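Enquirer: Return atomic coordinates for the entry below.
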Amino acid sequence: MSDSAGRPIPTTRTDPSTFDAGFREHPGYADALAHLYGRLDTEALDPSQFRRVERNLDEYRAFLRRLGDPQLARPTVHITGTRGKGSTLAMLDSILVAAGYTTGSTVSPHLIEVRERVRRNARDLSRAEFARLYATVRPVADELMRGANYRTVFELITALAFVSFTEYSVDTALVEVGMGGNLDATNVVEPVLSIVTRIGLDHTHILGDTVEKIAWDKGRIIKPGGPAVISRQPTGALAVLAERCREVGVHPWRLDHEFRIDRWENRIDGARLAVTTPHRAHPELATPLPGAHQAENAAVAVAAADRLDADGVFTIPAGAVREGLANTIWPGRAEIVEREPVVLLDGAHTDQGATALSALLDDLFPGRRRIYVLGMNRDKDIDGFLDCFRGEPALVLATKAESPRSLPAEEMAEIVRARGWRAESVPLADALAAAREHAAPEDVIVATGSFYVVGALRRVWLRDSGANPTLNE
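Expert: I've put the predicted structure just below:
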């Protein structure tokens with residue numbers, strides 16, 4: 001694969017058999033993944049290499065045109081943000097399903113299998129469905145293959161998702177941005193609603209080194225003709241987003257301005273909250289996702305549903321909002337999978353995520369001894385991430401996912417030891433068992449860092465607990 005100047009972009013080929021639990025379970029699915037991951041996998045690139053990748057949306061639109069412009073076929077909700085966009089999408093998806101609509105969605109990254117990235121009615125596609133839909137995309141990609149960057153792994157999955165929305169005649173599509181917004185492959189849709197969750201500093205090597213620059217990039221998903229719902233933001237980011245709304249003639253609903261959280265309570269089984277929007281009040285709501293940050297995401301999802309209902313885009317009764325929010329399933333985000341000791345899985349891979357996770361732990365488990373199972377990508381600010389946690393853990397078990405971007409476990413352990421904390425390096429397959437050996441029943445095991453690590457650990461946990469390690473077939 002070459003950059004815009006024709007220079008080869010060095011990259012390690014990603015082997016899907018090492019990270020996808022279903023690769024060996026379905027030949028057609030395996031064949032699709034082998035072809036897919038024979039393309040440039042930008043998620044596995046070193047950040048310095050990613051900067052050389054030309055993201056040309058005009059070329060990508062031309063590619064989609066060969067597929068019949070599926071990105072324009074269904075009413076679409078477009079979601080961006082640094083943290084919370086996946087959780088917010090999952091909640092809104094569940095609300096729309098509860099209201100009786102057929103939904104399609106695309107999210108990233110996946111936890112256990114690639115097919116999790118494309119969903120119908122809030123459930124992952126089956127392997128057979130993924131393989132069949134990929135067979136529609138594959139010949140067009142092969143025919144047009146001239147080294148152009150718009151046929152990366154992410155862009156082909158996004159195209160497959162668009163095709164699936166048309167194939168299944170969904171009532172609405174929910175599309176999560178991969179990175180940023182302006183040049184993201186998903187920014188070819190014409191949304192009926194744009195959502196911006198909390199913005200923070202991440203991917204600064206691509207999007208800019210201030211929240212204002214990042215907000216400018218993410219704000220490009222807000223377009224004329226579709227309103228916007230905006231979560232709490234740093235002051236500078238909110239000003240940039242407000243200017244974007246004025247520029248395109250959109251009146252936004254902003255958390256703490258046009259809509260608000262009247263009260264919330266954190267519990268081990270989720271958050272309870274009350275939300276009021278310009279459309280109506282919701283005095284008794286619950287989400288199974290715990291934490292103040294998830295209460296914020298829930299409020300944004302509720303406001304999005306109310307905006308769609310108020311504008312007559314969809315009919316969403318208040319009861320469907322309540323039911324859908326309560327039935328949301330979103331693994332790997334503050335997910336408590338065991339109680340004695342507590343085992344909590346959370347892909348808090350940024351400082352913003354670590355701060356939210358630390359607050360959650362302090363609130364739900366005050367004074368309890370903690371053991372961290374930690375693995376992160378080498379391009380992250382690991383010291384900054386660790387600074388977000390209050391107090392010293394009893395032990396950090398450093399580990400590593402299969403991704404080429406992952407920091408080796410022993411290097412992670414050395415970073416932790418330099419802080420004066422106790423740390424050991426362990427293979428990922430043994431990490432949870434090792435944590436349990438060190439833990440007393442009243443302790444809290446926190447598996448966190450990159451989604452690649454959290455997904456692999458969830459797969460191990462499902463296997464060890466006798467559950468299906470590949471989710472729904």
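Enquirer: C-alpha only now, for contacts and for neighbours.
Expert: Noted.
Enquirer: Output stretch 325-333 as CSV - backbone C-alpha positions only.
Expert: Provided in CSV are the C-alpha atoms of stretch 325-333 (Å, rounded to 0.1, in the frame of the first residue of the first chain):
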residue,chain,number,x,y,z
LEU,A,325,-32.4,2.1,28.0
ALA,A,326,-32.9,-0.6,30.6
ASN,A,327,-32.3,-3.4,28.1
THR,A,328,-29.0,-2.1,26.6
ILE,A,329,-26.3,-4.7,26.2
TRP,A,330,-22.8,-3.3,25.7
PRO,A,331,-19.9,-5.6,26.8
GLY,A,332,-16.5,-4.5,27.9
ARG,A,333,-17.6,-1.1,29.2
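Enquirer: who's in contact with it?
Expert: Contacting residues not belonging to stretch 325-333 are listed as 87, 90-92, 94-95, 111, 285-289, 298, 345-348, 451, 454-455, 458 [C-alpha atoms under 8 Å, 6 or more residues apart in numbering].
Enquirer: Let me see the contact set for Arg232.
Expert: Per C-alpha under 8 Å, 6+ apart, neighbours of Arg232: Thr197, Arg198, Leu238, Arg254, Leu255, Asp256, Glu296.
Enquirer: Identify the residue spatially nearest to the fifth one, adjacent ones excluded.
Expert: Pointing back at Leu255 there. Leaving aside its chain neighbours, Leu255 sits nearest to Ser231 (5.1 Å; criterion: C-alpha to C-alpha, 6 or more residues apart in numbering).
Enquirer: If you tally nearby residues, what's the number for the one you found?
Expert: Counted with other C-alpha atoms under 10 Å, the neighbours of Ser231 add up to 25.
Enquirer: And Ile157, by the same measure?
Expert: 23.
Enquirer: give the contact list for the residue nearest to Leu255.
Expert: Val196, Thr197, Arg198, Arg254, Leu255, Glu296, Asn297, Val300.
Enquirer: need the residues you listed in TSV with neighbour count, secondary structure and pLDDT, can you?
Expert: Shown next, in TSV, are the contacts of Ser231 (neighbours: other C-alpha atoms under 10 Å; DSSP: H, G, I helix; E, B strand; the rest coil; pLDDT from 0 to 100):
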residue	neighbour count	secondary structure	pLDDT
Val196	28	strand	98
Thr197	26	coil	96
Arg198	22	coil	93
Arg254	21	strand	98
Leu255	21	strand	98
Glu296	24	helix	96
Asn297	27	helix	96
Val300	33	helix	98
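Enquirer: lowest-confidence helix or strand of this structure?
Expert: helix 47-50 (a mean of 55; mean pLDDT, DSSP states H and E).
Enquirer: How about Lys380, nearest residue that isn't a chain neighbour?
Expert: Thr350 (7.5 Å).
Enquirer: for the stretch 151-300 of the chain, what spans make up the strands?
Expert: Ranges of strands in the stretch 151-300 of the chain, per DSSP state E, counting those that start in this stretch, are 172-176, 193-196, 228-230, 253-254, 260-267, 270-276, 281-287.
Enquirer: domain ranges for this protein?
Expert: 16-326, 335-464 (automatic domain parsing).
Enquirer: Please identify the pairing partners of the one helix or strand Val396 maps to and their relative orientation?
Expert: Element membership for Val396 (DSSP states H and E) is strand 395-398. With DSSP bridges as the test, strand 395-398 is paired with strand 370-375 (parallel), strand 423-425 (parallel).
Enquirer: Tell me which of the ones you listed sits most buried.
Expert: Ranked by mean neighbour count, these are led by strand 370-375 with a mean of 26 (mean count of other C-alpha atoms under 10 Å).
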